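Chemist: predicted coordinates and the sequence they were generated for:
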Amino acid sequence: MKTRNDCREWRELLGAYALGHLEGDERAGLEAHLDGCANCREELASLQPVALMLPHADPARFGPAPQPPPELGQRVAATIAAERERSETRQRRRLFGGFALGGATVAAVAAVLLLFVFGGGDGSSGPEQQVRFADLPPGITIDATLQPHSYGTEIHMYVHGVPSGTLCRVWLRGAGGASYPAGTFRYRWGDDSDAVLSSALDLSRTRAVVVDTGKRTFVAPVDGPVADLNIHNEEEPT
């Protein structure tokens, strides 16, 4: 009969014992060990309910592991490339404007993977569109990156230079002038991150991005020269 002094070695046999697969000397040795080891008896007791349920498992209900779509690699690579371009643009802004935005490549890739795993729409998306706000007051920078999705448009908003704590409201405007809310975010001085918002308006129908910083409202066309309308305290469109 085998003799074992280490509980860890005996515990390796507990699963087989609970399933009734242990025989001969190993079974007798384990039972002798269990007579004198309360810890191993407790662990065996925790395994026995699971062993009783295993015969009820239906292998037919277990399908093959899901496979990622063939274009997933290209989507991840495109996301990394787009984020790298945004990061390089903001690095250049740092050289000339004293402010930089740190990259968020890992978060962007994770978002693409989560979109696949949890089934976020049909996974279709098109090229990004950069929107630049010009004629801004000194010290203020506003940029937007628009990306089409099946649910509408994803907006990465970047604001810098307004008073810390400012509540920024964002809309998209359609071809007919109607405004579609994209959400709000609060600017904090020193926060280098984008605000990621979304709107139900398709990018193909979007004509302008509207950003209300409380005292001023700025509008940037997505398909033409950028303009600052200098609107004060504009009411939220419906």
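Modeler: Looks like it came in fine.
Chemist: quick one: low-confidence parts of the chain?
Modeler: When residues are selected by pLDDT under 70, those of the chain lie in 1-6, 58-63, 65, 89-126, 192-193, 224-238.
Chemist: ok, the residue lying closest to Ala195 once chain neighbours are set aside - contacts?
Modeler: Once flanking residues are discounted, Ala195 sits nearest to Phe185: 3.8 Å by CB to CB, 6 or more residues apart in numbering. (C-beta placed from N, C-alpha, C; glycine too.) Contacts for Phe185 (CB atoms under 8 Å, 6 or more residues apart in numbering) come out as 157, 167-168, 170, 195, 197.
Chemist: cool, Ala16 as well?
Modeler: Contacts of Ala16 by CB under 8 Å, 6+ apart are Leu22.
Chemist: Asp194: neighbour count?
Modeler: 21 (other CB atoms under 10 Å).
Chemist: once you drop chain neighbours, what's closest to it?
Modeler: Closest to Asp194 by CB to CB, 6+ apart is His156, at 4.3 Å.
Chemist: counting contacts, what elements does the strand or helix carrying the one you found pack onto?
Modeler: If you go by DSSP states H and E, His156 is part of strand 152-160. Packing contacts for strand 152-160, counted by 3 or more CB pairs under 8 Å, 6 or more residues apart in numbering; DSSP states H and E, involve strand 141-149, strand 167-174, strand 179-186, strand 195-199, strand 206-212.
Chemist: out of the ones you listed, which gets nearest to Asp35?
Modeler: With respect to Asp35, and counting by CB to CB, the nearest of the helices and strands packed on strand 152-160 is strand 195-199 at 61.4 Å.
Chemist: so Ala32, which of the three states?
Modeler: Per DSSP: H, G, I helix; E, B strand; the rest coil, the secondary structure class of Ala32 is helix.
Chemist: what about it, how many neighbours?
Modeler: 14.
Chemist: would you tell me which one of the helices and strands packed on strand 152-160 is buried the most?
Modeler: Comparing the helices and strands packed on strand 152-160 by mean neighbour count (mean count of other CB atoms under 10 Å), strand 206-212 ranks first with a mean of 22.
Chemist: quick one: it to strand 195-199, angle?
Modeler: 130 degrees (axes from the mean of the first three to the mean of the last three CA atoms, to 10 degrees).
Chemist: what is strand 206-212 packed up against?
Modeler: Against strand 206-212 (3+ CB pairs under 8 Å, 6+ apart) you get strand 141-149, strand 152-160, strand 167-174, strand 217-221.
Chemist: try it again with 7 Å
Modeler: strand 141-149, strand 167-174, strand 217-221 (3 or more CB pairs under 7 Å, 6 or more residues apart in numbering; DSSP states H and E).
Chemist: measure Arg169 to Val209 for me?
Modeler: For Arg169, the distance to Val209 (CB to CB, to the nearest Å) stands at 12 Å.
Chemist: good, we can wrap up now.
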